[in-house]
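In: A structural model of the following input is requested.
(2 chains)
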Amino acid sequence: MAAITANGVSKRYGTVTALDRVSLSVEEGEIFGFLGPNGAGKSTFINVLLDFARPTDGSAELFGRDCQADGVSARERVGVLPDGYSVFDRLTGRQHVAYVVRSKDADDDPAEVLERVGISAAADRPASDYSKGMKQRLVLGMALVGEPDLLLLDEPTTGLDPSGAAEIRSILREERDRGAAVFFSSHILEQVEAICDRVGILQDGELVAVDTIDGLRQSIGGGTKLLIDVGELDDATTEAVRGVDGVETVTVSDGTTLEVTCTNDAKMDVVVELQRRGADVMNFRTEEASLEEMFLAYTGGSRA
Amino acid sequence: MSWRTVARKDIHDARRARTLWLLLGLLSILFGGYAVAYATVDDGTFAGFVTGSIGLVDGVLPILGLLLGYRSISDDRTDGSLLLSLSLPQSRRELLVGTAVGRTVTLLGPTLFGLSIAGLYAALRYGKAGAIAYPWFLFATALYGASFVAIAVALSASTTTDRRITYGAVGGYLLLVVLWRTLTSIAVTVLHRFDTSLDLPDWVLFLQLVEPGEAYVRLLSVGFEVERANRYVGNGTPAFVDWWAALAVLVAWIAVPLLVGSRQFERGDL
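Out: This next block holds a predicted model:
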């Protein structure tokens, strides 16, 4: 059964459209990255799943249970790290986890949960004294209680240093391998690229792409980027390369290196064109397009 | 039973915030102190002690109940900790009920503790005549306190606008504690076209009984002599101001605000 099913979910605030007919499905056992610039509507979508916000149109389900009509049972098998939360000022980390254990009727040991997210030393301090990163770890720990079948995480690595983010990623992999679905939003591409099985890109409330990382690479210029060192380069040559069929972008770095993104088929045509222009090709490399470039291609370069 | 989880968390919170201990100290001193001081101010009977205690409870419980509750949910909503609670498999209604129960326990724990100690002391010192009805006093007090907490918590769930909550709490206090009798009098005077020679109709009695404080003393007059409640007792008073009506009024002051508040809370986005 699908962990998340969204059918044409729209959300309008007055004249502003925050979500525009978003449909997607996330299966158990996969890590799904929900990618988009700030303000694209990622949190709004997650808030609809949690019934913090009601959709203007369409509907969403978690494990086949309607998020609005049947919200409580929809959330039963879900662990959540919501956007814009704050911890309970006076409760300790341990009490936070104990609250979730009781609410979910689980039997986790709060100490073990805190150990797993790396804040057991601070277990008995009030959570309001925690740093942003420790709060993120605490709430992630709360989300892990009761072995949920779906983790719904809104920007989980915010406030964490790179090694902290890597720790979180390895926890998410463990959860996925256990069989849980992981759905997390991020505006940081490296986070998503590093662990996601599939990615959805949201732009101005519209889901503009859903695919695997490889699939996205395929669909953008064959995913190929050429780096060509030439002895000498003039503007006419650059223009000529730009005119080759299948070439999408051409930039020059260091005066003598051409960076060309193009379809796979156009690779040879580019080299042939350079030869014809009498350019001296000294070196020739190809690179896979990074997610960042794909992201820019999809969102029209408006990365926030 | 998610409301229990919420209530438990809320009580934990009150304990750590020292609200609970502060109330415990304050109310124990107030009620206990009165029990001790009573010997010097009055005739020194248990019944007289209870009458005085009723006055104290009536004076402090409404305001404490409102203060404890009126920002409970709105504060959590503004700062975002409400999102953690509602990410869990519990509904907004369960959160509302749990919060109301938690705050009620926070208020009534110290209140009933203080009154029990004071009552025990008074029974030993001023004689046990009338002491048998003391548990009824505690029961009525619990209902009375719970009604103000319920009103305040419901208010805190129904809006996030700071101004409205403040006005609501102040307005609620003025209406329910200070002005109710005056307003019913004005209403009757207007209906009688300012002819003061007419007798009060029976239904006005009920309208007056709807004030929580009046319902409280009416309920107490079952076990004690309460002067304020005399007009509801005795021959010729209609059945709808009997003690069970007072009981129903207090229960309604708990249930109706919670129902209205939860409907407001469930509507719309967080």
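
In: wait, A:D211 sits on A:V199?
Out: Yes. Using Cβ atoms under 8 Å, A:D211 is in contact with A:V199, at 6.6 Å. For the C-beta atoms, the positions are set from N, CA and C on the backbone; glycine is no exception.

In: settle it for me: which of those two has more neighbours?
Out: A:V199 (24 against 15; other Cβ atoms under 10 Å in any protein chain shown).

In: the nearest residue to the more buried one once chain neighbours are set aside bridge partners, please.
Out: Nearest residue to A:V199 in three dimensions, chain neighbours excluded: A:G33, at 4.5 Å (Cβ to Cβ, 6 or more residues apart in numbering or on different chains). Listed beta-bridge partners, A:G33: A:F184, A:V199 (assigned using DSSP bridges).

In: wait, isn't A:G33 in contact with A:S186?
Out: Yes. Between A:G33 and A:S186 there is a contact under Cβ under 8 Å: 6.4 Å.

In: and the strands in the stretch 51-200 of chain B, which stretches?
Out: Using DSSP state E, counting those that start in this stretch, the stretch 51-200 of chain B contains no strands.

In: any weak-confidence spans in the stretch 151-270 of chain B?
Out: Scanning the stretch 151-270 of chain B for pLDDT under 70 picks out nothing.

In: what about 90?
Out: Applying pLDDT under 90 to the stretch 151-270 of chain B picks out residues B:159-160, B:162, B:181, B:184-206, B:223-242, B:267-270.

In: chain A contacts on that one?
Out: Within the stretch 151-270 of chain B, the residues that sit near chain A (Cβ under 8 Å from any Cβ of the partner chain) are B:G268, B:D269, B:L270.

In: save those as a markdown table, and put in neighbour count too.
Out: Output for these, formatted as a markdown table (neighbours: other Cβ atoms under 10 Å in any protein chain shown):
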| residue | neighbour count |
| --- | --- |
| B:G268 | 8 |
| B:D269 | 12 |
| B:L270 | 17 |
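
In: ok, so of those residues, who is nearest A:V182?
Out: B:L270 (23.8 Å; Cβ to Cβ).

In: just the pLDDT for the closest residue in space to that closest one that isn't next to it in sequence.
Out: Excluding the flanking residues, the one nearest B:L270 by Cβ to Cβ, 6+ apart is A:F52, at 4.4 Å. Listed pLDDT for A:F52 reads 95.

In: quick one, what contacts A:F52?
Out: A:P82, B:L83, B:L86, B:D269, B:L270 (Cβ atoms under 8 Å, 6 or more residues apart in numbering or on different chains).

In: what about 7 Å?
Out: Shown in contact with A:F52 (Cβ atoms under 7 Å, 6 or more residues apart in numbering or on different chains): B:L83, B:L86, B:D269, B:L270.

In: for the third one, helix, strand, or coil?
Out: Spelled out, it's B:D269. coil (DSSP: H, G, I helix; E, B strand; the rest coil).

In: got the phi and psi for it?
Out: phi -90, psi 160 (degrees, to the nearest 10).

In: give the bridge partners for the residue in the stretch 151-300 of chain A positioned nearest to chain B, please.
Out: Nearest residue of the stretch 151-300 of chain A to chain B: A:L152, at 8.1 Å (Cβ to the nearest Cβ). Beta-bridge pairing of A:L152, defined through DSSP bridges, involves A:V80, A:F183.

In: appreciated, that's everything.
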